[in-house]
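1. sequence first, predicted model second:
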Amino acid sequence: MRKQYSFAKSRPNPYAKRLKKVQFLLCIRNTGCEDLERRKFYEQIPDRRAAQESYVRVVDESGEDYLYPAANFVALQLPSDVERALARRSRKRPAS
């Protein structure tokens, strides 16, 4: 389930600060979000407000950024050369 710009009051996400520093997230589940692929890295767009609501903003297959439940992803500390390689790959997406 993708989400855009609608925020309900809820408990703050205890991982919000940690997620802000991570550039790539690994999708570990896609229940309700069939447009996500499990075991795939997604580029994260920093969004403090989304993190407070337990969502993350990621760039999906369409090249657009959407909000998804943070529980669908795990933040990993990647070596800098891997982050650079993933960043190059995400910039090379074909234009629609």
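-> Sure thing, it's come through.
2. shaky segments in this protein?
-> For the chain, the stretches flagged by pLDDT under 70 are 1-22, 89-96.
3. any chance you could map the helices in the protein?
-> With DSSP state H applied, the chain shows helices at 16-21, 48-52, 80-91, listed in chain order.
4. what are the buried residues along the longest one?
-> When burial is assessed from 16 or more other C-beta atoms under 10 Å, helix 80-91 yields the following buried residues: 83, 86. C-beta here means a position set from N, CA and C on the backbone, and glycine is covered the same way.
5. begin at 530 from here
-> All set: I'll call the first residue 530, so the last point we hit is now helix 609-620.
6. for it, name the packing helices and strands.
-> The contact analysis (3 or more C-beta pairs under 8 Å, 6 or more residues apart in numbering; DSSP states H and E) places helix 609-620 against strand 570-574.
7. what's the answer for the shortest one, then?
-> Other helices and strands packing on helix 577-581, by 3+ C-beta pairs under 8 Å, 6+ apart, are helix 545-550.
8. what number of residues lie near the residue nearest to Glu590 when sequence neighbours are not counted?
-> If the residues on either side of it in the chain are set aside, Glu590 comes closest to Asp564, at 6.6 Å by C-beta to C-beta, 6 or more residues apart in numbering. By the criterion of other C-beta atoms under 10 Å, Asp564 has 12 neighbours.
9. surely Asp564 meets Asp589?
-> Yes: Asp564 lies in contact with Asp589 (C-beta atoms under 8 Å); the separation is 5.9 Å.
10. how many residues are close by Pro608?
-> Pro608 is flanked by 8 other residues according to other C-beta under 10 Å.
11. from Asp576, how far off is it?
-> According to C-beta to C-beta, to the nearest Å, Pro608 and Asp576 sit 25 Å apart.
12. now Cys562
-> Distance of Cys562 to Asp576, given as C-beta to C-beta: 17 Å.
13. over to Asp564?
-> With C-beta to C-beta as the criterion, Asp564 and Asp576 are 18 Å apart.
14. and what of Glu612?
-> Remark: distance between Glu612 and Asp576 (C-beta to C-beta) = 19 Å.
15. unless I'm mixing things up, Val585 is touching Phe602, no?
-> Yes: A contact is recorded between Val585 and Phe602 when judged using C-beta under 8 Å, the distance being 5.9 Å.
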